[in-house]
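Colleague: dropping a prediction and its sequence here:
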Amino acid sequence: MPRRASRPAGSRTRRPGTNAASVDALHTLKALLAKRGSNAAEAALDRWVDALSESPETFAASAEYLAAESPDGFTREERWLLLSIAAEMVDDPVLGDACEELEGRMEVEAKNWPGYNDDTLDPEQLRNESPVYRALSEAWSGLRAAIEISFLHDIAMPEMAGAMIDDAGNWERALRDGEATLLGIPRIVLTADDDPFGILLP
């Protein structure tokens with residue numbers, strides 16, 4: 001489940017806030033780790049995401065921890081999933097403004113399209129029907145990817161950054177597997193690559 005890819009093009013990312021730091025900047029991440037694989041994991045994940053957006057200290061400490069590959073912590077796939085969520089919140093003083101401008105132009109293009117209805121708008125259909133909207137959407141996605149890739153390079157995660165751009169199959173499989181073990185849900189098998197021993201696919 002690629003978090004970045006699943007976010008509707010044109011939606012505004014939530015950015016790390018400026019509230020005061022908690023006593024332990026890793027408190028919510030440790031709580032998530034303790035609940036991983038249980039029925040309480042999804043609620044713990046939501047609390048961690050909220051903490052990321054509210055506290056720069058939590059954001060920085062979480063990124064450092066997840067990039068460090070602690071042997072007694074999350075799996076590689078879970079770390080990639082969590083870092084991909086953090087990357088969605090990263091801003092850039094120049095590229096972020098450009099993304100916001102593109103979002104505004106996408107909204108204008110959508111509203112000017114025949115039959116526009118905000119309640120039933122299908123961005124994928126609009127991308128297929130409107131060359132302008134498609135171009136704006138691809139430009140937005142490219143800028144967001146640049147922001148997120150830069151963040152991953154800054155925290156010394158070049159393998160993850162490379163997979164996000166050049167190895168979509170490995171990237172998406174890692175995030176699906178990370179979500180499955182983190183939240184304790186059945187592992188999703190979509191292709192033969194997800195089932196190397198031929199056990200689950202017919």
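Modeller: Yep, it's here. Numbers count the residues shown, from 1 in each chain.
Colleague: give me the distance from stretch 103-123 to the chain's centre.
Modeller: 24 Å (Cα atoms, centre = their mean, to the nearest Å).
Colleague: list the buried residues in that stretch.
Modeller: 103, 105-106, 109-110, 113 (16 or more other Cβ atoms under 10 Å). Just so you know, the C-beta spots here come from the backbone N, C-alpha and C atoms, and that holds for glycine as well.
Colleague: off-centre distance for the longest helix belonging to the chain?
Modeller: Among the elements of type helix in the chain, defined by DSSP state H, the one spanning the most residues is helix 131-154. Centroid separation for helix 131-154 versus its chain: 13 Å, with Cα atoms, centre = their mean.
Colleague: and the helix or strand just after it, what does it pack onto?
Modeller: The helix or strand immediately downstream of helix 131-154 is helix 158-166, counting by DSSP states H and E. Helices and strands touching helix 158-166, by 3 or more Cβ pairs under 8 Å, 6 or more residues apart in numbering; DSSP states H and E, are helix 76-89, helix 131-154, helix 168-183.
Colleague: distance-wise, check the most far-flung residue of the chain relative to its centre relative to residue 169.
Modeller: Largest separation from the mean C-alpha position in the chain: residue 114, at 31.8 Å (Cα atoms, centre = their mean). Here residue 114 is placed at a distance of 37 Å from residue 169 (Cβ to Cβ, to the nearest Å).
Colleague: just say helix, strand or coil for the residue farthest from the centre of the chain.
Modeller: Under DSSP: H, G, I helix; E, B strand; the rest coil, residue 114 falls in the coil class.
Colleague: could you point out which residue ranges in the chain have low pLDDT?
Modeller: 1-23, 187-202 (pLDDT under 70).
Colleague: what is the burial count for residue 55?
Modeller: 22 (other Cβ atoms under 10 Å).
Colleague: go on, residue 186?
Modeller: 6.
Colleague: how about it, nearest residue that isn't a chain neighbour?
Modeller: In space, residue 186 comes closest to residue 180 once its chain neighbours are excluded; the distance is 6.7 Å by Cβ to Cβ, 6 or more residues apart in numbering.
Colleague: and for residue 92?
Modeller: Residue 92's closest residue in space is residue 147 (Cβ to Cβ, 6+ apart), at 4.7 Å.
Colleague: which residues does the residue farthest from the centre of the chain contact?
Modeller: Listed by Cβ atoms under 8 Å, 6 or more residues apart in numbering, the contact set of residue 114 is empty.
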